[in-house]
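1. What would the 3D arrangement of this be:
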Amino acid sequence: MDRSAVERLYDCDVLDRHGCPIGPVAELWLADGRPQWAAVRGAGGTTLVPLRGGQVRDRGLVVPVERYEVDDAPRVDGPDLSDAEQADLYEHYGLTLPEQRLERHRRGVSAPTSPRAPRATPPAR
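-> All right, here's what the predicted structure looks like:
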């Protein structure tokens, strides 16, 4: 999925498998550059919703979970997920914990890149 496709997900409202609204996409969490979770803010805080098996329909992002599962999911408060928080989320939704770590993605912000070594300056003649 390219960057523009990821950015378009921010224009979606998250809906459960039956079409019940959960909330707008606030942030995305990626693994290997692919969106894996959508952050949805509600009265109780921010919750992550799994995207695997989800489909975009018009401006809705239909996810393969029930609304009550999202309501009961662990809340995410910090800028990063600890190993324990990530494990809790996967366990809550009955998903297998992957080896790669999730990275937070914010709309319009480039993905982190590794710093490059400075180029050597050619000797003066």
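2. which residues of the chain fall in strands?
-> Counting by DSSP state E, residue ranges of the strands within the chain are 13-15, 21-31, 34-42, 45-50, 55-57, 60-62, 75-76, 103-105.
3. what angle sits between the lengthiest helix in the chain and strand 34-42?
-> For the chain, the helix with the greatest residue count under DSSP state H is helix 83-92. Interaxial angle of helix 83-92 relative to strand 34-42 (axes from the mean of the first three to the mean of the last three C-alpha atoms, to 10 degrees): 90 degrees.
4. Output helix 83-92 as PDB, nothing but the C-alphas.
-> In PDB, the C-alpha atoms belonging to helix 83-92 read as follows (Å, rounded to 0.1, in the frame of the first residue of the first chain):
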ATOM      1  CA  ASP A  83       5.300  -4.700  24.500                       C
ATOM      2  CA  ALA A  84       2.700  -5.400  27.100                       C
ATOM      3  CA  GLU A  85       0.200  -3.000  25.600                       C
ATOM      4  CA  GLN A  86       0.700  -4.500  22.200                       C
ATOM      5  CA  ALA A  87       0.300  -8.000  23.500                       C
ATOM      6  CA  ASP A  88      -2.900  -7.000  25.400                       C
ATOM      7  CA  LEU A  89      -4.500  -5.600  22.200                       C
ATOM      8  CA  TYR A  90      -3.700  -8.700  20.200                       C
ATOM      9  CA  GLU A  91      -5.000 -10.900  22.900                       C
ATOM     10  CA  HIS A  92      -8.200  -8.900  23.400                       C
END
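5. can you pull the buried residues of that helix?
-> By 16 or more other C-beta atoms under 10 Å, the buried positions in helix 83-92 come out as 85, 86, 88, 89, 90, 92. For glycine as for every other residue, the C-beta is placed from the backbone atoms N, C-alpha and C.
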